[in-house]
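*Asks:* missing the sequence, but the structure's below:
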Ligand SMILES: Nc1ncnc2c1ncn2[C@@H]1O[C@H](COP(=O)(O)OP(=O)(O)O)[C@@H](O)[C@H]1O
Ligand SMILES: [Mg+2]
């Protein structure tokens, strides 16, 4: 028999047992997990003859009509999401005893669970990249096509199937529950997902794609270091005010090892965790593409060039930093993301690296080589023209001077030889053998 969630004082959670039939249709099989807002059971849907996940809401929430209405609204919105990378939401179920959301059951383990199984306590960039490609696909669909924001991205809402497919769970739902909790408790600090939530979510602003970009940044930070950007002390203050430590520093602090984190990953994740939404990558695709930049292969100790925006407006001069050290990347990132997100006339169309000193020297040398080649080519062309002109002005050899082709010069008489031995200029006949 499955164990009930520990220390559960909530009657809804306590009174659920294996084999129990609920909502006249589902038979409870086993507890899949418990979050701050309820418990999730695997159940058999007898009507459709398939396994589902039932997320039971805490009794205190289930008895709050406003909370249930909000959840119903969010469930309807998310029911429309159809994507292989998103766990499907089926329905909101309600009777006099309880409220639950039924959803696709996924056999697998969340990235949070996978992470703690690792010997190093965290993942390497190479582990994370294939998941990011899948997330980019799923979240771009949700944001751009379905126009739905997740609002609670975190490792425990990302589940990995045995075949390696990553699926996003709880679209819209958990944040809806958090908001109702916040409304009741008068504070948002109780939210379980605070370490992954953006400053704007904390302040109760309307959800935007920029919130998911922030949470995805916090999720990647967690996967690579073992902890989210802020995880102890007064989180709300830190989320609002504090710049997170670099991932490298965090790994050292937590004594977690692993394959090195590329320098530009630090920059991109740092940008995703910006306090200002406009300083973040404008979309999940932009974030993932920036991480996927071919420079990811560079070893960490090689200086990596900071990035500057490519702009469509004509800029008089692109300043290559005069100092050997790269210019502060944050300033340039700000330009990229602000341009991409806000300014219509100056749109970021991509990332280009400014040149690291070594690359710059190679570039300068190659300019010199190019100049020499061009000069040489010009000389060749000039010589060719000159030669051609000369050859036109000079008459053809036949017409010029029969003298030039006259018989061979007569040999001069040798004053020291007798007359009979003087050269005649006539070749002697070949000697017969
Ligand atoms: N659709 C699902 N299929 C399989 N397991 C699930 C599903 N939804 C949730 N779970 C499991 O239940 C756990 C608790 O989920 P939840 O209540 O959403 O809390 P949290 O998201 O904070 O972990 C998850 O960590 C996961 O292991
Ligand atoms: Mg969840």
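*Replies:* Happy to help now that I have it. Since the structure is predicted, the reported quantities are computational estimates derived from the model, not experimental observations. Ligands and ions are numbered 1, 2, ... in the order given.
*Asks:* who's in contact with whatever residue of the stretch 51-200 of the chain ends up closest to ligand 2?
*Replies:* Residue of the stretch 51-200 of the chain nearest ligand 2, by Cβ to the ion: residue 170 (4.0 Å). For glycine as for every other residue, the C-beta is placed from the backbone atoms N, C-alpha and C. Counting by Cβ atoms under 8 Å, 6 or more residues apart in numbering, residue 170 touches 55, 87, 150, 152, 157.
*Asks:* Out of those residues, name the ones that lie in strands.
*Replies:* If you go by DSSP state E, the contacts of residue 170 have residue 55 in strands.
*Asks:* Neighbour count, pLDDT and distance to ligand 1 for the contacts of residue 170 - can I get that in a markdown table?
*Replies:* Below are the contacts of residue 170 laid out as a markdown table (neighbours: other Cβ atoms under 10 Å; pLDDT from 0 to 100; distance: Cβ to the nearest ligand atom, whole Å):
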| residue | neighbour count | pLDDT | distance to ligand 1 |
| --- | --- | --- | --- |
| 55 | 24 | 94 | 6 |
| 87 | 21 | 97 | 5 |
| 150 | 29 | 93 | 12 |
| 152 | 29 | 92 | 7 |
| 157 | 24 | 95 | 5 |
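*Asks:* just to revisit the earlier point, let me know the pLDDT of the residue of the stretch 51-200 of the chain closest to ligand 2.
*Replies:* pLDDT recorded at residue 170 is 92.
*Asks:* do the same with residue 298
*Replies:* 54.
*Asks:* Over to residue 312?
*Replies:* Confidence score, pLDDT, at residue 312: 42.
*Asks:* which one of the contacts of residue 170 is nearest residue 144?
*Replies:* residue 150 (13.3 Å; Cβ to Cβ).
*Asks:* hang on, isn't the closest one packed against residue 173?
*Replies:* No. Shown here, residue 150 and residue 173 do not form a contact pair, counting by Cβ atoms under 8 Å, at 9.4 Å.
*Asks:* bridging residues for residue 158?
*Replies:* Applying DSSP bridges to residue 158 yields these beta-bridge partners: residue 168.
*Asks:* Show me what from the chain comes close to ligand 1.
*Replies:* 32-36, 38, 40, 53, 55, 87, 103-106, 110, 156-157, 169-170, 174, 192 (Cβ under 6 Å from any ligand atom).
*Asks:* Of those, which belong to strands?
*Replies:* 32, 33, 34, 35, 38, 40, 53, 55, 103, 104, 110.
*Asks:* Need the max-distance pair from the residues you listed.
*Replies:* Across those (Cβ to Cβ), the longest gap, 18.9 Å, separates 34 and 104.
*Asks:* got the contact list for the closest residue to residue 156 other than its chain neighbours?
*Replies:* Of all residues not flanking residue 156 in the chain, residue 112 sits nearest, at 4.0 Å (Cβ to Cβ, 6 or more residues apart in numbering). By Cβ under 8 Å, 6+ apart, residue 112 lies in contact with 154, 155, 156, 158.
*Asks:* ok, the third one touching residue 114?
*Replies:* No. Between residue 156 and residue 114 no contact is recorded; they are 10.5 Å apart, counting by Cβ under 8 Å.
*Asks:* In terms of neighbours, single out the busier of these two.
*Replies:* Counting neighbours by other Cβ atoms under 10 Å for residue 156 and for residue 114 shows that residue 156 has the greater number, 21 against 17.
*Asks:* Could I get the average pLDDT for the helix or strand where residue 221 lies?
*Replies:* If you go by DSSP states H and E, residue 221 is part of helix 209-225. What helix 209-225 shows for mean pLDDT is 97.
*Asks:* hmm, it in reach of ligand 2?
*Replies:* No. Helix 209-225 is not in contact with ligand 2 by Cβ under 5 Å from the ion; minimum separation 12.7 Å.
*Asks:* Name the residues of that helix that are buried.
*Replies:* 209-225 (16 or more other Cβ atoms under 10 Å).
*Asks:* Kindly report the same for stretch 274-282.
*Replies:* 274, 277, 279, 280, 281, 282.
*Asks:* for those residues, which one is nearest residue 231?
*Replies:* residue 274 (18.9 Å).
*Asks:* Touching, that closest one and residue 280? I think so.
*Replies:* Yes. Counting by Cβ under 8 Å, residue 274 does reach residue 280; the two are 5.1 Å apart.
*Asks:* Determine the three-state secondary structure at residue 44.
*Replies:* strand (DSSP: H, G, I helix; E, B strand; the rest coil).
*Asks:* Mind picking the two most distant members of the contacts of residue 170?
*Replies:* 55 and 150 (15.5 Å).
*Asks:* mind checking how far residue 80 is from residue 237?
*Replies:* 37 Å (Cβ to Cβ, to the nearest Å).
*Asks:* For those two, indicate the residue with more neighbours.
*Replies:* residue 237 (12 against 9).
*Asks:* Quick check: the gap between that one and residue 202.
*Replies:* 10 Å.
*Asks:* State whether residue 163 is indeed within a strand.
*Replies:* No. Residue 163 is assigned coil when assessed by three-state DSSP, not a strand.
*Asks:* In contact with it, which residues?
*Replies:* Contacts of residue 163 (Cβ under 8 Å, 6+ apart): none.
*Asks:* so what pLDDT did it get?
*Replies:* At residue 163, pLDDT is 96.
*Asks:* Give me the phi and psi angles of it.
*Replies:* For residue 163, the backbone dihedrals (degrees, to the nearest 10) come out as phi -80, psi 0.
*Asks:* what's the helix holding residue 221 packed up against?
*Replies:* helix 111-117, helix 125-140, helix 199-202, helix 247-254, helix 263-272, helix 284-291 (3 or more Cβ pairs under 8 Å, 6 or more residues apart in numbering; DSSP states H and E).
*Asks:* same thing but at 7 Å, please
*Replies:* Helices and strands touching helix 209-225, by 3 or more Cβ pairs under 7 Å, 6 or more residues apart in numbering; DSSP states H and E, are helix 125-140, helix 247-254, helix 263-272, helix 284-291.
*Asks:* Tell me how far the closest residue to residue 272 other than its chain neighbours lies from residue 110.
*Replies:* Spatial nearest neighbour of residue 272, chain neighbours left out: residue 217 (2.8 Å); criterion: Cβ to Cβ, 6+ apart. Separation of residue 217 from residue 110 (Cβ to Cβ): 18 Å.
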